[in-house]
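**Student:** sequence plus predicted model, see below.
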Amino acid sequence: MTPKYKSGFKVQLLLLLALFTLQATAQNLTKEFPKSFTVTVTNPLQEERQDVMVFLKADELKKTALAFNPKAFVVLDGKTEIASQYNSRKDDHEGLVVVLDKLEAGKSKKLTVRYNEKGEKPRTYTKRTQAELSHKVGGEFQNRKYINGEEFVNVDSLRVPDEVTDHSFFIRYEGPGWESDKVGYRFYLDWRNGTDVFGKTTKDMVLQNVGQDGYDSYHHLQDWGLDVLKVGKSLGVGTLAMFDAGKANRVEKTDSMISVIRENGNLYSSIVTDYYGWKVAGHVLDVNSRLNIHAGSRLTQHLVSLKGGIPQNLSTGVIKDKKAKLYTNKGSQGQWGYIASYGKQSLNGAGDNLGIAVIFRPQDFQEFTEDENSHIVKLTPAGGKLEYYFLAAWELEPEGITTEEEFLKYLDKTTRELASPVQVKIAKR
């Protein structure tokens, strides 16, 4: 044999072994998960989409597969198993989550969901999102500061103690945090209730390490990144407020607050916070806030629900920064609107670029305005409910956006995708 022939033979052998392994794996999955149904996902846009979240609501699953077992299933793209997650909390977000790497322009993709109606066979996938809430234990409050506390402990929920204020040294990085493999966020779980950004230099999950090596060490560049946004008295990015008397009033004066880590999954994470007795502009409101993020995305979805009345507006926006340029778009039938800024507004101190934005439904838009600290969009809470998204794009993140032109293209593509969501159809097999 010549060396060339040997090389070709080895390649053929490796291909045959790979095919045999794939077929054996498929047969094993069929035996392990004997029942199945198919899901067709269609991209209505004539442009490719990346990191596409597909959500199958629990009610729809039960209609299709009465014996579907959320503890024993796999999702296949052809013969390849792909990562999936089941949200088991009993609410509107219960169901199956898949994130597709890409979906071609105007094309459909057929997925197969295989399951075993008995038993529990959990699957392990790479963790690409996270949500957490951590506070100290074993100490006590003195003059609204938490002293003599032991190490931070992660909790699923927290009724915020009445003594908590800014810089109480009780909650790690001062509130709940959530992240994807793109970016991290937090909000201050105290009277400020402002949203901040953790810029990441890695796709790994990092929040579990933030604030462990010094209370505010995250204000300086670490191996994973840093807090890149100055919030202060502003709306930061996407902070909920109401515009009244010439300014954006954050959710400041409340009777109590309870925050819950609703999902902390590999593909999708969520935080729900209830604010009781928000006193603002003559109203006393109860606010339910849900923040959702999925793998591969910079976007946080913010779902807001009110009780106690419907105000003339709910508002949000982005911080004013002289080093950043403002962009606004009211939206249209084929595109959601946005208020955004881009420029050298990162707190890294190295002159790197940071883009931040809030994206909203055109039908909810009232007007763009401003106050001393923030660029603001006023929105209409139809029926006491509101949905909007916010995002941050830091130049130094892996595969980051580095120019104004790239950021605006990204915004335009994202707002078109929100206006034309993927279509999902479940069929029995």
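**Tutor:** Thanks, I have the structure now.
**Student:** flag the shaky bits of the stretch 301-429 of the chain, pLDDT-wise.
**Tutor:** 428-429 (pLDDT under 70).
**Student:** can you read off the pLDDT for the nearest residue to K203 once chain neighbours are set aside?
**Tutor:** Of all residues not flanking K203 in the chain, D181 sits nearest, at 4.1 Å (Cβ to Cβ, 6 or more residues apart in numbering). (C-beta placed from N, C-alpha, C; glycine too.) With respect to pLDDT, D181 scores 98.
**Student:** same question for E150.
**Tutor:** pLDDT recorded at E150 is 86.
**Student:** what's the closest residue to it other than its chain neighbours in contact with, if anything?
**Tutor:** Closest residue to E150 apart from its sequence neighbours, by Cβ to Cβ, 6+ apart: G138 at 4.0 Å. Applying Cβ atoms under 8 Å, 6 or more residues apart in numbering to G138 gives the contacts 148-150.
**Student:** helix or strand for G138, which one?
**Tutor:** In the assignment (DSSP states H and E), G138 maps to no helix and no strand.
**Student:** phi, psi for it please.
**Tutor:** In terms of degrees, to the nearest 10, the main-chain angles of G138 are phi 80, psi 0.
**Student:** and the chain, split by domain according to the record?
**Tutor:** The chain breaks down by automatic domain parsing into domains covering 3-121+423-428, 129-398.
**Student:** tell me which of those domains sits nearest to F407.
**Tutor:** The minimum distance between F407 and those falls on domain 129-398, with 4.2 Å, by Cβ to Cβ.
**Student:** gap between that closest one and the chain center?
**Tutor:** Centre-to-centre, domain 129-398 and its host chain are 11 Å apart (Cα atoms, centre = their mean, to the nearest Å).
**Student:** quote the end-to-end distance of it.
**Tutor:** 16 Å (Cα to Cα, to the nearest Å).
**Student:** likewise stretch 139-147?
**Tutor:** Start-to-end span of stretch 139-147 (Cα to Cα) is 6 Å.
**Student:** what residues does that stretch touch?
**Tutor:** Contacts for stretch 139-147 (Cβ under 8 Å, 6+ apart): 136, 148-150, 161, 163-165, 167-170.
**Student:** try 7 Å this time
**Tutor:** If you take Cβ atoms under 7 Å, 6 or more residues apart in numbering as the criterion, stretch 139-147 is touched by 136, 148-149, 161, 163, 165, 168-170.
**Student:** give the ChimeraX command for selecting the buried subset of those residues.
**Tutor:** To isolate the buried subset of the contacts of stretch 139-147 in ChimeraX, counting by 16 or more other Cβ atoms under 10 Å, use the following:
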select :136,149,168,169,170
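**Student:** from F390, how far off is V74?
**Tutor:** 33 Å (Cβ to Cβ, to the nearest Å).
**Student:** quickly find the element holding the residue nearest the centre of the chain.
**Tutor:** The C-alpha lying nearest the average C-alpha coordinate of the chain belongs to I293 (Cα atoms, centre = their mean; 1.5 Å). Assessed by DSSP H and E, I293 sits inside strand 283-294.
**Student:** what packs against that strand?
**Tutor:** strand 177-180, strand 268-280, strand 300-307 (3 or more Cβ pairs under 7 Å, 6 or more residues apart in numbering; DSSP states H and E).
**Student:** where does Q363 fall, helix, sheet strand or coil?
**Tutor:** Under the three-state scheme (DSSP: H, G, I helix; E, B strand; the rest coil), Q363 adopts helix.
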